[in-house]
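> coords below, sequence missing:
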């Protein structure tokens, strides 16, 4: 740092006075750690930021996508309700454990669709003072509940039906077999139609289709339903041909194992997003390169990101600016940089820049290290 910067009268090459940690915010008053909020970020009520940017950019597009996802979920819910009733009636008439397992599977899927509809509605609520970053993570919470429902109501009940079949046996008449198989064939067609609808929407979204936890859950549920119905048909046919109930019991176990695996996958993904997952390394690298490309930025000391929702991302960067900028220039540069990031990455709607003097911080850290007992050979204690 040159002599002018050491002079108290010219210490405004950054944006005003430093915070408690020696960092300088890009504008506004410093936060608890001396960092200052970013221009262009929406206020607690979702209003445009100080630079006039509107945090609702792109909301229309995401709202349209939510509408299509809602239709997909409703189609899956209607199909599952009809199929659940048909499977339950057919299972009670025929006494088939595999068919009863599939009935439990469809009931679990129906309940999960209700969870997903709640997620779609509640996650679109605007930010408020208590939740300044919005309610985007509601989707991940309800997806986690859906995963638990698949595990408990689908997987565990299927295992129970398999053990009951092995313990007590299951005698079915020819008419019972035919009734059960007919119900399963109809269910296969209905589940297949629902799956095609979900896959069509995923394809329409390109590579980002499965980022939506609601749509991802519907695809997983319908895919496992098609495979589960196929396993149940195979189990019933083998039981009818061989007279051995073990085949239907094995089908129930296979359906239960399939549901447990799907529930674990969906639950693990929802857990990561609820804890706070960063954007993928490729996008993080692109954001870093964009910041480094700005002529006023000397270095990017740290970059933190977190997914706040399906179409909302938080970016916090600690940057070191080139020497010679006064406080007004720093504010103008900060606003322009954040507009550039938000324009290049539309989902990045929460951007915070912490302007710091990296060289001064490194020099201070070096002085602290040199004066430590380890460096001077001093020993603590009496």
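Perfect, thanks for sending it. Just so it is clear, the structure is predicted and the values come from calculations on it, not from any experiment. Residues are numbered from 1 along each chain as shown.
> What segments of the stretch 251-382 of the chain are strands?
Taking DSSP state E, counting those that start in this stretch, the strands of the stretch 251-382 of the chain run over residues 297-309, 312-321, 348-356.
> List just the one of those that sits closest to residue 277.
Among those, the nearest to residue 277 by C-beta to C-beta is strand 297-309 (5.4 Å). Placement of C-beta: from N, CA and C, glycine included.
> And the average pLDDT for that closest one is what?
Averaging pLDDT along strand 297-309 gives 90.
> what sits up against stretch 246-259?
For stretch 246-259, contacts defined as C-beta atoms under 8 Å, 6 or more residues apart in numbering pick out 96-98, 101-102, 105, 108, 150-151, 154-159, 161-163, 165-166, 170, 224, 227-228, 231-232, 234-236, 238-239.
> Can you tell me the closest non-neighbouring residue to residue 283?
residue 345 (7.0 Å; C-beta to C-beta, 6 or more residues apart in numbering).
> From residue 264, how far off is residue 125?
Separation of residue 125 from residue 264 (C-beta to C-beta, to the nearest Å) stands at 30 Å.
> Oops, could you answer that again for residue 253 instead?
In terms of C-beta to C-beta, residue 253 sits 16 Å off from residue 264.
> cool, and residue 245?
29 Å.
> more neighbours, these two?
Under the neighbour definition other C-beta atoms under 10 Å, residue 245 and residue 264 were set side by side, and residue 245 has more, 21 against 14.
> What pLDDT is listed against the more buried one?
Per-residue confidence at residue 245 stands at 83 (pLDDT).
> thought it was touching residue 164?
No - with contact defined as C-beta atoms under 8 Å, residue 245 does not reach residue 164; the gap is 10.2 Å.
> Remind me what the longest helix along the chain packs against, helices and strands.
Secondary structure of the chain per DSSP state H: the longest helix is helix 59-94. Other helices and strands packing on helix 59-94, by 3 or more C-beta pairs under 8 Å, 6 or more residues apart in numbering; DSSP states H and E, are helix 97-122, helix 174-204, helix 213-242.
> so it versus helix 174-204, what angle?
170 degrees (axes from the mean of the first three to the mean of the last three C-alpha atoms, to 10 degrees).
> what about helix 59-94, distance to the chain center?
Distance, stretch centre to chain centre, for helix 59-94: 22 Å (C-alpha atoms, centre = their mean, to the nearest Å).
> So which bits of that helix are buried?
Using 16 or more other C-beta atoms under 10 Å as the burial criterion, the residues of helix 59-94 that qualify are 59, 62, 65-66, 69, 72-73, 75-77, 79-80, 83-84, 86-88, 90-91, 93-94.
> report the angle between the axes of that helix and strand 348-356?
120 degrees.
> what's the most buried one of the helices and strands packed on helix 59-94?
Mean neighbours per residue, mean count of other C-beta atoms under 10 Å, is largest over the helices and strands packed on helix 59-94 for helix 97-122, with a mean of 25.
> following that helix, which helix or strand shows up next?
As assigned by DSSP states H and E, the chain's next helix or strand after helix 97-122 is helix 138-149.
> Determine the next helix or strand in the C-terminal direction from that following helix.
Trace forward from helix 138-149 with DSSP H and E and the next one is helix 157-168.
> relative to helix 59-94, how tilted is that following helix?
Angle, helix 157-168 to helix 59-94, by the same axes, to 10 degrees: 10 degrees.
> residues in contact with helix 157-168?
So helix 157-168 is contacted by 97-98, 100-101, 104-105, 108, 245-246, 248-253, 255-256, 259 (C-beta under 8 Å, 6+ apart).
> Once you drop chain neighbours, what's closest to residue 192?
Leaving aside its chain neighbours, residue 192 sits nearest to residue 226 (5.7 Å; criterion: C-beta to C-beta, 6+ apart).
> from what I can see the one you found touches residue 191, true?
Yes - the pair residue 226 / residue 191 is scored as a contact, 5.0 Å apart, by C-beta under 8 Å.
> any idea how far residue 134 is from residue 128?
9 Å.
> now residue 321
From residue 321 over to residue 128 the distance is 34 Å, taken as C-beta to C-beta.
> more neighbours, the two?
Between residue 321 and residue 128, counted using other C-beta under 10 Å, the more crowded position is residue 321 (26 against 12).
> That one touches residue 295, doesn't it?
No - using C-beta under 8 Å, residue 321 and residue 295 do not qualify as a contacting pair, with a distance of 10.1 Å.
> now the stretch 151-300 of the chain, which segments are flagged as low pLDDT?
When residues are selected by pLDDT under 70, those of the stretch 151-300 of the chain lie in 169-174, 205-211.
> ok, residues contacting stretch 212-224?
Here stretch 212-224 makes contact (C-beta under 8 Å, 6+ apart) with 65, 69, 72-73, 76, 80, 105, 109, 112-113, 116, 119-120, 139-140, 142-143, 146-147, 150, 191, 194-195, 198-199, 201-202, 205, 209-210, 258-259, 262, 265-266, 269-270, 273, 310.
> mind redoing it with 7 Å?
By C-beta atoms under 7 Å, 6 or more residues apart in numbering, the surrounding residues in contact with stretch 212-224 are 69, 72-73, 76, 109, 112, 116, 119-120, 139-140, 143, 146, 191, 194-195, 198-199, 201-202, 209-210, 258-259, 262, 266, 270, 310.
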